[in-house]
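Visitor: The following block contains a protein sequence and its predicted model.
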There are 2 protein chains.
Amino acid sequence: MKLAVVTSNPNKAREVAAYFAGILEVEHVPLECPEFRHTEIAEIARGKAEFAYRALSRPLIVDDTGFFIDALGGFPGPCAAYVQDTIGNEGILRLMEGVADRSAHFETVIAFADEDGIRTFQGVLHGAIVEPRGEKGFGYDPIFACAGRTLAEMPLSEKNRISHRARALEAFRTWIREERAS
Amino acid sequence: MKLAVVTSNPNKAREVAAYFAGILEVEHVPLECPEFRHTEIAEIARGKAEFAYRALSRPLIVDDTGFFIDALGGFPGPCAAYVQDTIGNEGILRLMEGVADRSAHFETVIAFADEDGIRTFQGVLHGAIVEPRGEKGFGYDPIFACAGRTLAEMPLSEKNRISHRARALEAFRTWIREERAS
């Protein structure tokens, strides 16, 4: 099976190719998928996979990621990218001033589509909103800490091992290995 | 011509039907349209209209609305609904504490699709972020003032006359009247 990685981001496709080296052949397909407005990341990923499968008719994965802060009712959620581009971490910290509950999580869902339908694989990373620390990574990494360090303080190799995205990829890889063994 | 008003909100369809009484026959079609992630409201509306026209193959309108605060880089923009549901007006006011530039605007774009393609009609309402006043309306209405009053202080009939949505509908009505007269 040759797996299409449907994303506008070639770095993501390269990451998946490396992850599946020796297991699956991977090809980057830069198709932009529309999204149904939904607060559930799994539903957004599923809708994108349905769209992509109608367009391509071949085995593929798409993904979607959200960032949820408990005390803010799940904000910025599926709007994480737009919020980062506008009010950024400074805005998030302002909203969290004096807020005791700092808990937050990232969620990535990978949706796999083939002729049998769609399956979703979730990866979640729980942590807390903190004052900015660290120089690595991007986006919310400096203000999101888990196990005592922010994502921006971790070497990229470590972040890539524990991240929500890595966990979703691992869940998908475990499933596809079993699937292909049976 | 019978115009399909494609929206999941029956109140919007009724509003359009009333607006076009004697000009166009209007029918509510509750089709949910996916959106390409885009910061331009016109591009979001256009993408939804393309999707809906492929599904329905008949003259139709869809709309999309955003709320843009200049000092926040356009936030909440196309994420206005999700932001209102999570951090709400309290969150907006917190982000605007001590900010001198209070200017903001609503934008609605109506996209009309028929066999000739897609046309978009824009309506914009400029105003300012203020402390909450008024009991009418919903969403951002209490913290958005234009011409000295918040939208929540205006009678609904007045709001419906000056609103971004009314302006977009008016632009569309003007065009379609000329179109049908020619």
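Guide: That came through fine. Residues are numbered from 1 along each chain as shown, chains lettered A, B, ... in the order given.
Visitor: So which bits of the helix or strand bottoming out on mean pLDDT in chain A are buried?
Guide: When each helix and strand of chain A is scored by mean pLDDT, DSSP states H and E, helix A:10-19 comes last, with a mean of 86. By 16 or more other CB atoms under 10 Å in any protein chain shown, the buried positions in helix A:10-19 come out as A:12-13, A:15-17, A:19. C-beta: built from backbone N, CA, C; applies to glycine.
Visitor: Same check on stretch A:150-167?
Guide: Under 16+ other CB under 10 Å, the buried positions of stretch A:150-167 are A:150-154, A:159, A:163-167.
Visitor: Identify, from those residues, the entry nearest to residue A:34.
Guide: Nearest to residue A:34, judged by CB to CB, of the buried residues of stretch A:150-167 is residue A:165 at 21.7 Å.
Visitor: Surely the closest one touches residue A:65?
Guide: Yes: between residue A:165 and residue A:65 there is a contact under CB atoms under 8 Å: 6.9 Å.
Visitor: re earlier: lowest-confidence one in the buried residues of stretch A:150-167?
Guide: When the buried residues of stretch A:150-167 are compared on pLDDT, residue A:159 comes out lowest, with 90.
Visitor: Give me the three-state assignment for that one.
Guide: Following DSSP: H, G, I helix; E, B strand; the rest coil, we place residue A:159 in the helix state.
Visitor: now the strands for chain A?
Guide: A:2-6, A:25-29, A:60-69, A:76-77, A:103-114, A:117-129, A:144-146, A:149-150 (DSSP state E).
Visitor: Quick check: closest non-adjacent residue to residue A:109.
Guide: residue A:45 (4.2 Å; CB to CB, 6 or more residues apart in numbering or on different chains).
Visitor: Identify, out of the strands of chain A, the most deeply packed stretch.
Guide: Most buried of the strands of chain A by mean neighbour count (mean count of other CB atoms under 10 Å in any protein chain shown) is strand A:76-77; its value is a mean of 26.
Visitor: For that strand, enumerate the helices and strands it packs against.
Guide: On a contact count with 3 or more CB pairs under 8 Å, 6 or more residues apart in numbering or on different chains; DSSP states H and E, strand A:76-77 meets strand A:60-69, helix A:80-86, helix B:80-86.
Visitor: want to try JSON lines for these, with distance to residue A:141 as columns?
Guide: Formatted as JSON lines, the helices and strands packed on strand A:76-77 follow (distance: least, CB to CB, whole Å):
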{"stretch": "strand A:60-69", "distance to residue A:141": "11"}
{"stretch": "helix A:80-86", "distance to residue A:141": "10"}
{"stretch": "helix B:80-86", "distance to residue A:141": "21"}
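Visitor: Tell me which of those lies nearest to residue B:70.
Guide: Closest approach to residue B:70 among those is made by helix A:80-86 (11.0 Å; CB to CB).
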